[in-house]
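**Student:** Requesting a structural model of the entry that follows:
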Amino acid sequence: MLRKELAKEKSILLIGFMGVGKTTLGKALADKLQREFVDVDHQLEIIYNMKITEIFSHYGEAFFREKEKEIIKVLTEQKGKVISLGGGAFLQEDVRNVCLENGIVLYLDMSFEAWKERIPFIIDSRPVLHGKSEEDIKELFNVRKELYTNHHLKVTMDGKELEEIIDSIVHSLSLIKK
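**Tutor:** Numbering: from 1, shown residues only. Modelled structure (predicted):
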């Protein structure tokens, strides 16, 4: 159980399937809480001066996951941030453990039916979706959903406006017990 005085210091780590809105929501939440926002994928793009799809194609997924893990470990040691993790980051047990231990893990949950409406807008920038059928993507969605069950807080995204979700998160954070 998180203690309230520690919860105020800990960084908030956003997890959830790719394209659920971690970056958009993370920026808005960081503004509301007056915290710095950090997007792990964006940090990797800056370091390698490449888009995520280029890092995947040039170096491979194993390399990408290792570098992602290194950045997450450093970020989780920092206090008072809102950090958006890539949708696949929680595949790694080391990442799950360091996030759960050092931060407040907030799972952005969305049904597959609501999420699949986003496919046309995100597919080009998500290399793990390339060449996959809707059935394959749904299987990936469900496998990852199981990994996301390890969290401190959860918010359901379906049918809600951004401000409503932000208010719900802020309220949930205020309820963390001592």
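**Student:** neighbours around the residue nearest to Val82 when sequence neighbours are not counted, how many?
**Tutor:** Closest residue to Val82 apart from its sequence neighbours, by CB to CB, 6 or more residues apart in numbering: Ala30 at 4.0 Å. For glycine as for every other residue, the C-beta is placed from the backbone atoms N, C-alpha and C. Ala30 has 19 neighbours, counted by other CB atoms under 10 Å.
**Student:** was I right about Ala30 contacting Glu36?
**Tutor:** Yes. Contact criterion CB atoms under 8 Å: Ala30 and Glu36 qualify, at 6.4 Å.
**Student:** Name the residues contacting each of the two.
**Tutor:** 81-82 (CB atoms under 8 Å, 6 or more residues apart in numbering).
**Student:** Buried ones in the host helix or strand of Ile46, by neighbour count?
**Tutor:** For Ile46, the host element (DSSP states H and E) is helix 40-48. The neighbour-count check on helix 40-48 (16 or more other CB atoms under 10 Å) flags 40-41, 43-45, 48 as buried.
**Student:** So which other helices or strands are in contact with it?
**Tutor:** When contacts are defined as 3 or more CB pairs under 8 Å, 6 or more residues apart in numbering; DSSP states H and E, helix 40-48 packs onto helix 52-59, helix 61-76, strand 81-84.
**Student:** Does anything pack onto the longest one? Which helices or strands?
**Tutor:** The reference is to helix 61-76. When contacts are defined as 3+ CB pairs under 8 Å, 6+ apart, helix 61-76 sits against strand 11-15, helix 40-48, helix 52-59, strand 81-84, helix 93-102.
**Student:** rank the ones you listed by mean pLDDT and give me the bottom one.
**Tutor:** Lowest mean pLDDT within the helices and strands packed on helix 61-76: helix 52-59, a mean of 90.
**Student:** rewinding a little: nearest to Phe64, of the buried residues of helix 40-48?
**Tutor:** Distance to Phe64 across those (CB to CB) is lowest for Leu44, with 7.3 Å.
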